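Visitor: dropping the sequence and predicted coords here.
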There are 4 protein chains.
Amino acid sequence: MTQLDAPPKLGRKRDLTRDPEILDAALEVLSEVGYEGMTIDMVATRAKAGKATVYRRWDSKAELVIDAVACMKQADLEPDKLPDTGTLRGDLLAMIKPRTIDESERKLRVMAGLMSLIASSPELAETAHAAIVEPRLAVNRLFLQRAIDRGEISADVDVELIASISQSMVSYRVLMLRKAMKPEYMRSVIDNIVLPAVGLGR
Amino acid sequence: MTQLDAPPKLGRKRDLTRDPEILDAALEVLSEVGYEGMTIDMVATRAKAGKATVYRRWDSKAELVIDAVACMKQADLEPDKLPDTGTLRGDLLAMIKPRTIDESERKLRVMAGLMSLIASSPELAETAHAAIVEPRLAVNRLFLQRAIDRGEISADVDVELIASISQSMVSYRVLMLRKAMKPEYMRSVIDNIVLPAVGLGR
Amino acid sequence: MTQLDAPPKLGRKRDLTRDPEILDAALEVLSEVGYEGMTIDMVATRAKAGKATVYRRWDSKAELVIDAVACMKQADLEPDKLPDTGTLRGDLLAMIKPRTIDESERKLRVMAGLMSLIASSPELAETAHAAIVEPRLAVNRLFLQRAIDRGEISADVDVELIASISQSMVSYRVLMLRKAMKPEYMRSVIDNIVLPAVGLGR
Amino acid sequence: MTQLDAPPKLGRKRDLTRDPEILDAALEVLSEVGYEGMTIDMVATRAKAGKATVYRRWDSKAELVIDAVACMKQADLEPDKLPDTGTLRGDLLAMIKPRTIDESERKLRVMAGLMSLIASSPELAETAHAAIVEPRLAVNRLFLQRAIDRGEISADVDVELIASISQSMVSYRVLMLRKAMKPEYMRSVIDNIVLPAVGLGR
DNA sequence: CGATAAACGAGACGGTACGTCGCGTCTTCTG
DNA sequence: CAGAAGACGCGACGTACCGTCTCGTTTATCG
């Protein structure tokens, strides 16, 4: 992670334009050869940077990748761009768009590459979670809260638990079963699991 | 995976007692330093074996680890030791035993370390799936089928999908949210998600 | 070498007091860690200067060092301070003073550090030679010429060759044999080699 | 330096054929790009070896080079191949052969590259001296001793000093003055300096 | 029973990425 | 604008691990 500690006044300033360039290069390489195949040299070379410049900003390959992934901002998840169809089912189904699905799947696969690192570094895990997992959960939480507010579903449901269903199912399918994240599957999860769980049975 | 290909008659027999010793050493190291931190040398040294002896049995670090995890035989999952309480809920809840939970969690964490490898090797993924994921799924499938057979739940439910719910939720919680696999949580998943999904609402 | 090219009128004048300070710092570091161990950063830091200030004055580490050594002005070698005893032997022996010896030895050791650079850069070699080797040769040449002029030795002697004897012997002893530059040794060289070579046998 | 410490019985033996191959590669690279330009990777690649294999045998670039140079055995300097003309002058002149000169010059140039390292490592210096400088001195010592034995020159001459004259002059010329090691020059040194020094004046 | 062949512990091998450090240049701010 | 501080691109350093190969030894089976 880029640490900014004390205010460094003297000397040449970090060239802040290099950060996104390096992160972009990292994402590029990452999507081409995966985490294991990725090399700091590859990233540096592609960003026309020296290795030292990379290591000056991130302490290790893992931290660089985490930051890179964190910067994969998913525009579709921004509050003002979220659907508001009037029904929980409508909202949930509205999130099943090719672009959204695709980005999610890419994030998940990157996350997979990081799992082993995450396992041995709580702080790294936290960053990864905040960047990749949390945003998607927040969306589901919002949909559920709106449904509660409009009386569509009971206020007793465990929002946190229900919000994580679709993410769990999708992660499992993609990472463990290694199957693609198909729209049909997502629809099936919503209709057969999420909605019954909130009392909106078939 | 231990390959036995052609019948090798000549020469010294492979010392079969070394297999479990090496696997145990692997599990030990694995739990201490994680997949990334683990070294074939570490495992070999700890098992008082040579690296060649390890590589004669497994083609790569990844395969060794998968086998090691697969060999964490979960006695609880063997067909004849499974509960049969007469109700789906009873069966599912009966699986929530400290020992079972603990073993599952360990397996999952090891699986996490392998994710990046799995991502780049379909066959490795298949092996890992068969060894770690599938057994647990089979149990759920069995429970569901029995419930269908006894008319407790509709024969229309998507057994495959429902069977994967608890595994998905638990994996997500452990790997992504990095929280422990508590019994309360598992009960909550069963009562609030699985059962509603098969029409056995609250 | 300090290059002054065109007369720079505009802006702040180059602080000429920095030159000797940097050179002194260079000599200091040089004597502590040797040429290989010396770093431009070390020199700059010790002189409380920036690296750019150093590089504005010298094109490379090697040139800085050469200049530093060249600036170890050996007052003893200035024409008007040279001995003139009336005999070649007297002149040569008169140069054997602790301070002179010491300075020569230090110069030689620094020169050693530069050898590899010198080997790959004729111009650098030329500079180093002019700064370190030549002054000492000039003295010997002068002594020999005076001896010829006063008829002490034959005009046929190869002045250039003879002048280089003592320097050669001393360099070899210090650099190759790694022995100190003792007065006895120098006297021995003069009496047993130089003087016989010009026909002034024992 | 290759250390052999305790007798290592277990495990695969060092492939002793790799040593000379690596040393040869080192000498090759050395003569092409010089000490500064030489890279361990270059040497390893050229010897079709891994870097680790090089570092397993030598602790640093410097030690590798020293050893490489030490292995530049000069066949001409072996006792039984030395000339024995019956006169000191004859013996000395007999050493002025193109091949001998050439090898000496190469050694000297390599030595130059090592000077900076030598300056900061007495043991390295010792090795370099024994490998490069000493053999040549031994030859001169032998010639002088034979001359003394046959009564050609006085037994009073400082053999050690005289033996080092030609080496000193040649080193100086090659390294400091950066001139080639010409036969005429060597003859001049013998006739004008060495012989007068032992009382065999013109 | 001796020969043969494979397995064994140990560790060297070729290869490749790691993270560090120095060079010489470039950029920023301060006096 | 010179100067101090320090980031930059580059590239070598020496280390560590991978998966393979070789050594000397042990252990089984075959002839």
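Guide: Sure, I can see it. Because the structure is a prediction, the values reported are computed rather than measured. Numbering: from 1, shown residues only, chains lettered A, B, ... in the order given.

Visitor: near DNA strand E, which residues of chain A? Just list them.
Guide: Contact residues (C-beta under 7 Å from any atom of the strand) of chain A with DNA strand E: A:9-13, A:15, A:38-41, A:50-52, A:55, A:60-61. Placement of C-beta: from N, CA and C, glycine included.

Visitor: show me the residue sitting in the middle of chain A in space.
Guide: A:I132 (2.2 Å; C-alpha atoms, centre = their mean).

Visitor: that one is in contact with A:A112, isn't it?
Guide: No - in this structure, A:I132 is not within contact of A:A112 by C-beta atoms under 8 Å, at 10.8 Å.

Visitor: which parts of stretch A:121-141 are buried?
Guide: A:121, A:124-125, A:127-129, A:131-133, A:136-137, A:139-141 (16 or more other C-beta atoms under 10 Å in any protein chain shown).

Visitor: now that stretch - C-alpha only, CSV.
Guide: Extracted in CSV, the C-alpha atoms of stretch A:121-141 (Å, rounded to 0.1, in the frame of the first residue of the first chain):
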residue,chain,number,x,y,z
SER,A,121,-1.8,-11.5,5.9
PRO,A,122,-4.8,-10.1,7.8
GLU,A,123,-4.2,-6.6,6.7
LEU,A,124,-3.9,-7.6,3.1
ALA,A,125,-7.1,-9.6,3.5
GLU,A,126,-8.8,-6.5,4.8
THR,A,127,-7.8,-4.4,1.9
ALA,A,128,-8.8,-7.0,-0.6
HIS,A,129,-12.1,-7.4,1.1
ALA,A,130,-12.9,-3.7,1.2
ALA,A,131,-12.0,-3.3,-2.4
ILE,A,132,-13.6,-6.3,-4.0
VAL,A,133,-16.1,-8.0,-1.7
GLU,A,134,-17.6,-5.1,0.2
PRO,A,135,-18.9,-2.9,-2.6
ARG,A,136,-21.0,-5.8,-4.0
LEU,A,137,-22.4,-6.6,-0.6
ALA,A,138,-23.4,-3.0,-0.1
VAL,A,139,-25.5,-3.1,-3.2
ASN,A,140,-27.4,-6.1,-2.0
ARG,A,141,-27.8,-4.6,1.5
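
Visitor: list of residues touching that stretch?
Guide: A:1, A:62-63, A:66-67, A:69-72, A:74, A:77, A:82, A:92, A:95, A:104, A:107-108, A:110-111, A:114, A:117-119, A:159-160, A:162-164, A:166-167, B:176-178 (C-beta atoms under 8 Å, 6 or more residues apart in numbering or on different chains).

Visitor: and which of the buried residues of stretch A:121-141 is nearest to D:R150?
Guide: Nearest to D:R150 among the buried residues of stretch A:121-141: A:S121, at 81.4 Å, using C-beta to C-beta.

Visitor: so where is chain A shaky, pLDDT-wise?
Guide: Low-confidence segments of chain A (pLDDT under 70): A:1-9, A:202.

Visitor: which residue does it have closest to DNA strand F?
Guide: Going by C-beta to the nearest atom of the strand, DNA strand F is nearest to A:G11 of chain A, at 2.0 Å.

Visitor: and that residue, how many neighbours does it have?
Guide: Here the count is done by other C-beta atoms under 10 Å in any protein chain shown, and A:G11 has 7 residues near it.

Visitor: skip the chain neighbours and tell me the closest residue to A:M181.
Guide: Closest residue to A:M181 apart from its sequence neighbours, by C-beta to C-beta, 6 or more residues apart in numbering or on different chains: A:E105 at 4.7 Å.

Visitor: count the residues that sit near that neighbour.
Guide: A:E105 has 14 nearby residues by other C-beta under 10 Å.

Visitor: need the three-state assignment for it.
Guide: Classification of A:E105 by DSSP: H, G, I helix; E, B strand; the rest coil places it in helix.

Visitor: residues touching it, list them.
Guide: A:V174, A:A180, A:M181.

Visitor: now do the strands in chain A.
Guide: Here chain A has no strands by DSSP state E.

Visitor: domain assignment for it?
Guide: A:18-71, A:73-202 (automatic domain parsing).

Visitor: distance to D:E21 added to the ones you listed, as JSON lines?
Guide: JSON lines is the format used below for those (distance: least, C-beta to C-beta, whole Å):
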{"stretch": "domain A:18-71", "distance to D:E21": "29"}
{"stretch": "domain A:73-202", "distance to D:E21": "39"}
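
Visitor: quick check: the gap between the residue nearest to A:K107 when sequence neighbours are not counted and A:A52.
Guide: In space, and not counting its chain neighbours, A:K107 is closest to A:I132: 5.1 Å by C-beta to C-beta, 6+ apart. A:I132 is 28 Å from A:A52, where distance means C-beta to C-beta, to the nearest Å.

Visitor: before we move on, what about A:V110?
Guide: 25 Å.

Visitor: can you name the residue of chain A nearest DNA strand E?
Guide: Closest point on chain A to DNA strand E, by C-beta to the nearest atom of the strand, is A:R12, at 2.9 Å.

Visitor: ok so, going back, in terms of neighbours, single out the busier of A:V110 and A:A52.
Guide: More crowded of A:V110 and A:A52, by other C-beta under 10 Å: A:V110, with 23 against 9.

Visitor: I'd say the more buried one and A:V29 touch.
Guide: No - using C-beta under 8 Å, A:V110 makes no contact with A:V29, being 11.3 Å away.

Visitor: what are the boundaries of the helices in chain A?
Guide: A:18-37, A:40-46, A:51-57, A:61-70, A:88-94, A:98-119, A:122-128, A:134-149, A:159-171, A:183-189, A:195-197 (DSSP state H).

Visitor: tell me how far the residue nearest to the centre of chain A lies from A:V65.
Guide: 11 Å.

Visitor: where do the contact lists of these two overlap?
Guide: Common neighbours of A:I132 and A:V65 (C-beta under 8 Å, 6+ apart) are A:V110.

Visitor: what is the nearest of the buried residues of stretch A:121-141 to D:G199?
Guide: A:S121 (81.1 Å).
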